[in-house]
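Engineer: give the three-dimensional model of this entry:
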Amino acid sequence: MATATTEATTIGQSDSQVAGGSPAQHAIARDLDGAVWAIWPDGAPGTLHCARSADGGASFEPTGQSEALAPIWSASIAFDEQGAADLVCVGEAQYVFYRKGDRPQPDSLHWSIRVRLHDVPALASPSAVAFLEGDETRV
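Structural biologist: Alright, predicted model coming up:
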């Protein structure tokens, strides 16, 4: 009989179990370098936190961001063929927003302006996924 032991890696301090008044959600994605990214909104008013692991998830380091994104919850992330991030989240007034995250350095994200995806507030906090099809971004 074999026994497996794993250790937990702490990648952030939680101030709250909710983000921006809604349950906090986390998402994980792998970029072109093979690095693992974890994102989660936490605390009031639900600021987005990002961490990156270059060793397959054995350890994580916080990543730099061009600006603090808040309030955010129900966030998801994916990376395109150029290594830029696609972020979809619920934000102010429960609208669903999209942002592009260029990467000036492997461990940082420079966020674009936000784009509201529709004109009706979300009825619930959806778990959206952003991904690419050829030259088109589909959400």
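Engineer: shaky segments in this structure?
Structural biologist: 1-24, 43-44, 122-134, 137-139 (pLDDT under 70).
Engineer: strands along that one, start to end?
Structural biologist: For the chain, the strands defined by DSSP state E occupy 18-19, 22-23, 27-30, 36-42, 47-53, 61-62, 64-65, 73-79, 85-90, 96-102, 108-111, 115-116, 131-133, 136-138.
Engineer: tilt between the fourth one and strand 47-53?
Structural biologist: I take that to be strand 36-42. 160 degrees (axes from the mean of the first three to the mean of the last three C-alpha atoms, to 10 degrees).
Engineer: pick the most deeply packed of the strands of the chain.
Structural biologist: Mean neighbours per residue, mean count of other C-beta atoms under 10 Å, is largest over the strands of the chain for strand 85-90, with a mean of 25. To be clear about C-beta, it is placed using only N, CA and C from the backbone, and glycine gets the same treatment.
Engineer: which other helices and strands does that one contact?
Structural biologist: strand 36-42, strand 73-79, strand 96-102 (3 or more C-beta pairs under 8 Å, 6 or more residues apart in numbering; DSSP states H and E).
Engineer: the last one vs strand 47-53, what angle?
Structural biologist: Translated: strand 96-102. Going by the same axes, to 10 degrees, strand 96-102 is angled at 40 degrees with respect to strand 47-53.
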